[in-house]
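Engineer: no sequence on this one, just coordinates:
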């Protein structure tokens with residue numbers, strides 16, 4: 001079967017993890033078709049999807065120009081894209097030591113930022129009962145993660161290699177969502193000036209603005 005676009009991206013409108021893949025696809029000028037799964041309807045648990053990802057989570061990327069190679073877990077996808085298709089090293093680094101620092105930050109995103117920020121939204125919006133202690137715990141974890149970023153970005157412009165990389169781009173969506181959600185709780189990126197300046201640079205990029213415009217149109 002032939003495909004008009006090189007990639008198929010299985011994703012979701014509301015969830016953040018597919019959008020960070022879309023940012024990188026856009027930055028690298030790669031062509032892709034997005035298929036938006038309805039998580040409330042359980043589409044991510046159906047055999048049509050779990051044949052690609054047995055874990056039943058988005059995103060999944062299929063590379064049609066590489067024998068329909070299938071990959072899941074968003075940071076693994078980001079590494080695949082830059083290793084295979086970022087020939088100009090636009091979003092990655094060349095030095096081996098710096099590459100491991102890049103991977104370090106991607107692990108920080110996937111094990112530190114994503115789960116804690118996600119649990120904040122779960123207990124705020126979806127849990128069957130209000131659990132104030134859980135809400136407070138994960139709100140405090142957001143502040144902690146932003147503090148970690150502030151300690152680094154107050155000394156340098158980017159997380160690794162003195163340049164924009166996928167390490168920076170992986171953190172955009174959760175930071176934007178949390179910043180918007182926490183304005184009424186006395187916590188925002190305004191309290192972390194270096195993180196705020198860095199985040200604004202990321203949000204101003206053409207690929208990011210284009211992707212957010214797509215997301216906004218789909219949310220209407």
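Structural biologist: Nice, thanks for sending it over. Please read all numbers here as calculations on a predicted model, not as lab measurements.
Engineer: which positions in the helix or strand encompassing residue 148 come out as buried?
Structural biologist: Counting by DSSP states H and E, the element that carries residue 148 is helix 132-153. For helix 132-153, a neighbour-count test (16 or more other Cβ atoms under 10 Å) marks 134, 135, 138, 139, 141, 142, 145, 146, 149, 150, 153 as buried. (C-beta placed from N, C-alpha, C; glycine too.)
Engineer: what helices or strands is the strand or helix carrying residue 79 leaning on?
Structural biologist: Assigned by DSSP H and E, residue 79 falls within helix 74-85. In terms of contacts (3 or more Cβ pairs under 8 Å, 6 or more residues apart in numbering; DSSP states H and E), helix 74-85 is packed against helix 17-27, strand 60-63, helix 96-108, helix 166-169.
Engineer: how does it look with 7 Å?
Structural biologist: If you count contacts as 3 or more Cβ pairs under 7 Å, 6 or more residues apart in numbering; DSSP states H and E, helix 74-85 packs onto helix 17-27.
Engineer: quick check: end-to-end length of stretch 42-53?
Structural biologist: Length of stretch 42-53, first residue to last, Cα to Cα, to the nearest Å: 14 Å.
Engineer: what mean pLDDT does that stretch have?
Structural biologist: Mean pLDDT, computed over stretch 42-53, is 96.
Engineer: in the chain, which helix or strand is least confident?
Structural biologist: Within the chain, no helix or strand scores below helix 114-121, which has a mean of 84 by mean pLDDT, DSSP states H and E.
Engineer: which elements pack onto that helix?
Structural biologist: On a contact count with 3+ Cβ pairs under 7 Å, 6+ apart, helix 114-121 meets helix 132-153, helix 172-181.
Engineer: make JSON lines out of the ones you listed and add mean pLDDT and distance to residue 161.
Structural biologist: Formatted as JSON lines, the helices and strands packed on helix 114-121 follow (pLDDT from 0 to 100; distance: least, Cβ to Cβ, whole Å):
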{"stretch": "helix 132-153", "mean pLDDT": "92", "distance to residue 161": "13"}
{"stretch": "helix 172-181", "mean pLDDT": "94", "distance to residue 161": "18"}
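Engineer: residue 120: which of these is closest?
Structural biologist: When the helices and strands packed on helix 114-121 are ranked by distance to residue 120, counting by Cβ to Cβ, first place goes to helix 132-153 at 3.7 Å.
Engineer: what's the closest one in contact with?
Structural biologist: Residues outside helix 132-153 that contact it (Cβ atoms under 7 Å, 6 or more residues apart in numbering): 112-113, 116-117, 119-120, 123-124, 159, 178, 182, 185, 187, 189, 192, 194-195, 198.
Engineer: now list the buried members of those.
Structural biologist: Buried residues within these, counting neighbours by 16+ other Cβ under 10 Å: 112-113, 116-117, 119-120, 123-124, 159, 178, 182, 187, 189, 192, 194-195, 198.
Engineer: could you check the angle the helix holding residue 79 makes with helix 114-121?
Structural biologist: 140 degrees (axes from the mean of the first three to the mean of the last three Cα atoms, to 10 degrees).
Engineer: what comes into contact with helix 74-85?
Structural biologist: Residues from elsewhere that reach helix 74-85, judged by Cβ under 7 Å, 6+ apart: 17, 20-21, 24, 28, 30, 59, 61, 71, 91-92, 106, 109-110, 166, 170.
Engineer: got any ranges where the chain has weak pLDDT?
Structural biologist: 1-2, 220 (pLDDT under 70).
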